[in-house]
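Enquirer: Following is a predicted model, sequence given first.
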Amino acid sequence: MREIYYCVLQGRPRVTVFFSDQDKHDFIKAMTETKRRSQMKVYAFALLESQAHLVVSTPVRGLPQVLQILREVYAAYFNKRNGRDGYVFLDSYSERLCNADLRLLRVIRHVHYLPVTFGHTHHPNLTRFTSHATYLGDTRYPFIDSDEVLALISHDRAEARRQYQALSSTAVSASELAQVFKPVVPDLQKATTPPTLDEIASAVSQTTGVSLRVMQGKGRRAQAVAARRMLIATAVTEHHYPVTEVAEFLCVHHSYVSRLTFGKAESG
C-alpha cells in the first residue's frame with residue numbers, strides 16, 4: 001500500500017537553497033538518487049528560490065525516511081560545491097496526504113503553476129525547473145512518473161497530454177486544491193497536538209503564496225479570498241476551531257468566516 005503526498009521543503013534561515021542553476025540540477029540528481037535508493041515515486045516538482053515543492057508517493061509512513069535521504073544527498077552536493085557544512089533544508093516540512101484519483105492532477109497543475117504565481121514567468125511552458133514539460137512528452141526528467149497521472153485523464157497518451165496542456169494555462173483555485181487532500185485523521189496510538197492557527201496560516205501561505213498579512217486584510221481579490229477560504233476550511237472543518245476564534249485571528253466578523261465555510265464562494 002502506498003500514500004501520495006504534496007510536500008514543501010523549506011530552506012534553513014539565512015541559507016540560500018539554490019545559488020545557481022547548477023544547484024537546481026544537483027537537486028534533480030538528488031531526487032534521482034533518492035528514487036533509486038528508496039521506493040519513492042515522483043509525480044511533480046517545482047524548485048523556487050528557497051523551497052522545493054514535491055508530489056511524491058511512498059510506502060505507508062515512509063515519507064520521513066525518503067525525505068531524509070533526499071535532504072542528505074542534496075546537502076552533500078551543495079556543500080561540496082559551495083564550501084559549507086550542514087543541512088540546507090529544515091528538518092521540518094509541510095505535508096498533505098492526497099487522494100489518488102483524478103483530483104491528483106489539480107495539485108500537480110498547482111505545483112507546475114507556482115513559477116507563474118510568484119511572478120517568475122508568464123506560463124508554465126516557459127519554466128525550466130519543474131516537471132511540467134514531462135507531462136507534454138519531454139524526456140529530460142525520466143524519473144518523473146507522469147504516465148500514471150496521464151492515465152487518469154485518458155488511456156490515449158496523446159489525448160491525455162492534449163487535455164493536460166489545455167488545463168495547465170490556468171491556476172488551480174484554493175477550493176479546488178483543498179479537494180485534493182484527504183482529511184487529517186488523528187493517530188489514536190499516540191497523543192497529538194492540533195496545529196496552531198499561525199501554523200495553519202504558514203502552511204496556507206506556502207501553498208498559495210498569499211501572506212498572512214494579506215489574508216488578514218480587507219482585500220477581495222480572488223487569490224486572497226481563496227487563501228482565506230483554505231485557512232478557514234483547514235481550521236474549522238479539519239481541526240474544529242471555533243468560528244469566532246478564527247474570525248478574531250483573521251480580523252473579520254464571525255459571519256464572514258461562517259459564509260466562507262458554509263456558504264457560496266465570495267467573488268473577487
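Expert: Alright, I've got the coordinates. The shown structure was predicted, so the numbers you read here are calculated from the model rather than taken from an experiment. Numbering: from 1, shown residues only.
Enquirer: can I see the domain layout of the chain?
Expert: Structurally, the chain divides into domains by automatic domain parsing as follows: 2-167, 185-262.
Enquirer: Kindly check the end-to-end length of the longest one for me.
Expert: The stretch domain 2-167 measures 27 Å between its terminal residues, going by C-alpha to C-alpha, to the nearest Å.
Enquirer: could you give me the average pLDDT of it?
Expert: Mean pLDDT, computed over domain 2-167, is 93.
Enquirer: quick one on the thing from earlier: just so I know, which of the domains of the chain lies nearest residue 173?
Expert: Evaluated over the domains of the chain, closeness to residue 173 peaks at domain 185-262, with 5.4 Å, by C-beta to C-beta. All C-beta spots, glycine's among them, are computed from the backbone N, C-alpha and C.
Enquirer: re earlier: would you turn the domains of the chain into a markdown table with distance to residue 177 and mean neighbour count?
Expert: Listed next are the domains of the chain as a markdown table, based on distance: least, C-beta to C-beta, whole Å; neighbours: other C-beta atoms under 10 Å:
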| stretch | distance to residue 177 | mean neighbour count |
| --- | --- | --- |
| domain 2-167 | 6 | 17 |
| domain 185-262 | 7 | 17 |
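Enquirer: I'd like those domains as TSV, with distance to residue 179 appended.
Expert: Formatted as TSV, the domains of the chain follow (distance: least, C-beta to C-beta, whole Å):
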stretch	distance to residue 179
domain 2-167	6
domain 185-262	10
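Enquirer: Now do the longest helix along the chain: distance to the chain's middle.
Expert: Scanning the chain for the helix with the most residues, using DSSP state H, yields helix 63-82. From the chain centre to the centre of helix 63-82 is a distance of 19 Å (C-alpha atoms, centre = their mean, to the nearest Å).
Enquirer: what does that helix contact?
Expert: Applying C-beta atoms under 8 Å, 6 or more residues apart in numbering, the set of residues contacting helix 63-82 from outside is 3, 5, 7, 9, 19, 22-23, 26-27, 29-31, 33-34, 37-40, 56, 58, 84-89, 91, 93, 95.
Enquirer: Show only the entries of the residues you listed found in strands.
Expert: 3, 5, 7, 9, 56, 58, 89, 91, 93, 95 (DSSP state E).
Enquirer: Serialize those to JSON lines and add fields for distance to residue 202.
Expert: Formatted as JSON lines, the ones in strands among the contacts of helix 63-82 follow (distance: C-beta to C-beta, whole Å):
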{"residue": "3", "distance to residue 202": "23"}
{"residue": "5", "distance to residue 202": "18"}
{"residue": "7", "distance to residue 202": "14"}
{"residue": "9", "distance to residue 202": "14"}
{"residue": "56", "distance to residue 202": "21"}
{"residue": "58", "distance to residue 202": "24"}
{"residue": "89", "distance to residue 202": "16"}
{"residue": "91", "distance to residue 202": "16"}
{"residue": "93", "distance to residue 202": "12"}
{"residue": "95", "distance to residue 202": "13"}
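Enquirer: nearest to residue 120, of those?
Expert: Using C-beta to C-beta, the ones in strands among the contacts of helix 63-82 come closest to residue 120 at residue 9, 18.0 Å.
Enquirer: the strands in the stretch 51-200 of the chain, which residues?
Expert: For the stretch 51-200 of the chain, applying DSSP state E, counting those that start in this stretch gives strands covering 51-59, 89-97.
Enquirer: Pipe the ones you listed into a markdown table and attach distance to residue 252 per row.
Expert: Below are the strands of the stretch 51-200 of the chain laid out as a markdown table (distance: least, C-beta to C-beta, whole Å):
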| stretch | distance to residue 252 |
| --- | --- |
| strand 51-59 | 28 |
| strand 89-97 | 25 |
